[in-house]
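J.: okay, predicted coordinates and the sequence, questions at the end:
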Amino acid sequence: MILSSAIEKWQDNPTYKEQSKIHWFVWLLENPKSPISLTGAIDLYNHDIIHILLGRGMEVRDEAMVIGFTMGNSETTSSWVRWLFEFCARYLYPEGYCFDEDDLVEFERGYAYGYTRLRRNIHLAKFDCCMKKTVAKLRKEWGIKLINIQ
């Protein structure tokens, strides 16, 4: 499937959250336009593309994997930023966004997988130029093998 079709399908999902529906505290830590965003922060459009590349859905556990992957893949994420995010996601995030222990395990799996990819800083990638590429080709370019993260 080409990326543009995959995005259309993703956004047609009834549980899809538009930017305006994202809780302000989540926006504060995860959106690169926030003055206090954490490393690996990415805009919603490109975040959605990472969901597609990782073959993940829209549940909290899927979010944990995607955020973990993005933070782990960032060359500037430090251990204290990782700890801060985990603390906020576990204890400060509102209902519907809050991570439980299993979600934190998934975050760690995503972090480790993102960290071990040879190509780094996926949060800085702009996928607009890739709309005609297949999802499989983009996965190959980023070294993502679904069998490794399922």
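T.: Everything's here; your move.

J.: does the most centrally placed residue in the chain lie in a helix or a strand, and which?
T.: The residue lying closest to the centre of the chain (CA atoms, centre = their mean) is residue 66, at 3.1 Å. Applying DSSP states H and E as the criterion places residue 66 in helix 60-73.

J.: so the residue nearest to the centre of the chain sits right up against residue 54, yeah?
T.: Yes - applying CB atoms under 8 Å as the test, residue 66 and residue 54 come out as touching, 6.0 Å apart. Placement of C-beta: from N, CA and C, glycine included.

J.: joint contacts of these two?
T.: residue 110 (CB atoms under 8 Å, 6 or more residues apart in numbering).

J.: can you give me the angle the helix or strand following the helix holding residue 66 makes with helix 60-73?
T.: Next helix or strand after helix 60-73 toward the C-terminus (DSSP H and E): helix 79-87. Angle, helix 79-87 to helix 60-73, by axes from the mean of the first three to the mean of the last three CA atoms, to 10 degrees: 170 degrees.
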